[in-house]
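A.B. asks: here's my sequence, what's the structure:
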Amino acid sequence: MAVKDLLLLGNPRLYEISAPIVKEEIGYVKTVVQDLHDTLMDFRNRYGAGRAIAAPQIGVAKRLLYMHMEKTLVLINPVIDLKSPEMMAVWDDCMSFPELLVRVKRHQRCRIRYRDLDWNEQSVTVEGDLSELLQHEYDHLDGILAVSKPIDQFSFALKSQKALLQHY
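C.D. replies: Numbers count the residues shown, from 1 in each chain. The predicted model follows:
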């Protein structure tokens, strides 16, 4: 129940594959969810951005995602089981490299199955920005960062240069 240090680009722990959560860990998971919330809110206050965070970003190698926008969504052991064939190119940002943008391709729509904090099975189908966001966070669980999947060698930019990127 505290703001945790974010693992930053270059930290080898960001490239590790996270372990599944078992039902007996739900008490621990609730503590981690509070830490994810506190860390996300702190990042949002400092950078004016941040919609979701993956547990590995605070050094917890568990398959857990936390999203806080209009409502809060906690995804335990998420699995993307459907992806649309339609792709979109986006300038991806990440709390683990807050000054960098990476242009990547993501599926326009996807469906994610997961367990909630009551250990009930759930699923959500998202598209557009939310699809991109959840695919980004999901990648963290498998040790994949946006810097590992740029569209091409010109797909990196500093956020301070974002205004110049409008034609991409």
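
A.B. asks: any idea which helix or strand in this structure has the lowest mean pLDDT?
C.D. replies: Here the helix or strand of the chain ranked lowest by mean pLDDT, DSSP states H and E is strand 156-158, holding a mean of 93.

A.B. asks: tell me the SS of Asp81?
C.D. replies: Secondary structure, DSSP: H, G, I helix; E, B strand; the rest coil: Asp81 is strand.

A.B. asks: partner strands of the least confident helix or strand of the chain, with direction?
C.D. replies: Partner strands for strand 156-158, per DSSP bridges, with pairing direction: strand 97-107 (antiparallel).

A.B. asks: from the chain's centroid, how far away is the strand it pairs with?
C.D. replies: 11 Å (Cα atoms, centre = their mean, to the nearest Å).

A.B. asks: quick check: buried residues in it?
C.D. replies: By 16 or more other Cβ atoms under 10 Å, the buried positions in strand 97-107 come out as 97-98, 100-104, 106-107. Quick note: C-beta positions are derived from backbone N, CA and C, even for glycine.

A.B. asks: out of the residues you listed, who's nearest Leu40?
C.D. replies: Lowest distance from Leu40 to the buried residues of strand 97-107 (Cβ to Cβ) belongs to Pro98, with 12.6 Å.

A.B. asks: just give me the neighbour total for the residue lying closest to the closest one once chain neighbours are set aside.
C.D. replies: Spatial nearest neighbour of Pro98, excluding adjacent residues (Cβ to Cβ, 6 or more residues apart in numbering): Tyr47 at 5.7 Å. Other residues lying near Tyr47 total 13 when counted by other Cβ atoms under 10 Å.

A.B. asks: mind checking how far Tyr47 is from Asp116?
C.D. replies: Counting by Cβ to Cβ, to the nearest Å, the separation of Tyr47 from Asp116 is 28 Å.

A.B. asks: what does Val147 give?
C.D. replies: Applying Cβ to Cβ, the value for Val147 to Asp116 is 31 Å.

A.B. asks: so which of those two has more stuff around it?
C.D. replies: More crowded of Val147 and Asp116, by other Cβ under 10 Å: Val147, with 17 against 12.
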